[in-house]
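Participant: Give me the fold of what follows.
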Amino acid sequence: QVHLVESGGGLVQAGGSLRLSCAASGGSFSLYTMAWFRQAPGKEREFAATITWSGTSTYYADSVKDRFTISRDNAKNTVYLQMNSLKPEDTAVYYCAAARTYLLTYRGSVTSWGQGTQVTVSP
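Facilitator: Numbering: from 1, shown residues only. Have a look, this model is predicted:
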């Protein structure tokens, strides 16, 4: 399993942008499909975006499609989430996740979680 550490969260106004990073260690990062999930207060953790080990395939939740972009740099053992046109409903703790699977959209399939980073979008 890999150890994951997120960074880049913060407070931003609606319409703004943030870039989250997730640094991996302790495993063969390039073999893992990576994903971002998020959890808003009082709600279940939900899928946001995923990218395959090679970076050739990505998939997004409808709620973030066309606004968020997931990418990875296997040389740096890091996955990113570029978030544009942020909305107050994007406010959540964002978690990095990893698994040896094709696309990672189901939280039950996750084998490694990061500790999470808070993103708050003000109106």
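Participant: Ramachandran coordinates for the residue nearest the centre of the chain?
Facilitator: In the chain, the C-alpha nearest the mean C-alpha coordinate belongs to W36, at 2.2 Å (Cα atoms, centre = their mean). Main-chain torsions, W36, degrees, to the nearest 10: phi -120, psi 130.
Participant: Could you find the closest non-adjacent residue to G26?
Facilitator: Spatial nearest neighbour of G26, excluding adjacent residues (Cβ to Cβ, 6 or more residues apart in numbering): H3 at 4.5 Å. Where C-beta positions appear, they are placed from N, C-alpha and C, glycine not excepted.
Participant: Show me what that neighbour is bridged to.
Facilitator: S25 (DSSP bridges).
Participant: Surely it and C22 touch.
Facilitator: No. Using Cβ atoms under 8 Å, H3 is not in contact with C22; the gap is 10.6 Å.
Participant: Look at those two and report which has more neighbours.
Facilitator: Comparing H3 with C22 by neighbour count (other Cβ atoms under 10 Å), the higher total belongs to C22, at 26 against 12.
Participant: Would you mind checking the average pLDDT for the helix or strand hosting that one?
Facilitator: Using DSSP states H and E, C22 sits within strand 18-25. In this model, strand 18-25 has an average pLDDT of 97.
Participant: give me every residue that touches S7.
Facilitator: Going by Cβ atoms under 8 Å, 6 or more residues apart in numbering, S7 touches 20-23, 117.
Participant: likewise S25?
Facilitator: By Cβ under 8 Å, 6+ apart, the contact list for S25 reads 2-3, 5, 77.
Participant: Highest neighbour count among these?
Facilitator: Compared across the contacts of S25, V2 has the highest neighbour count, 21 neighbours, by other Cβ under 10 Å.
Participant: For it, which non-adjacent residue is spatially closest?
Facilitator: Excluding the flanking residues, the one nearest V2 by Cβ to Cβ, 6+ apart is G27, at 3.6 Å.
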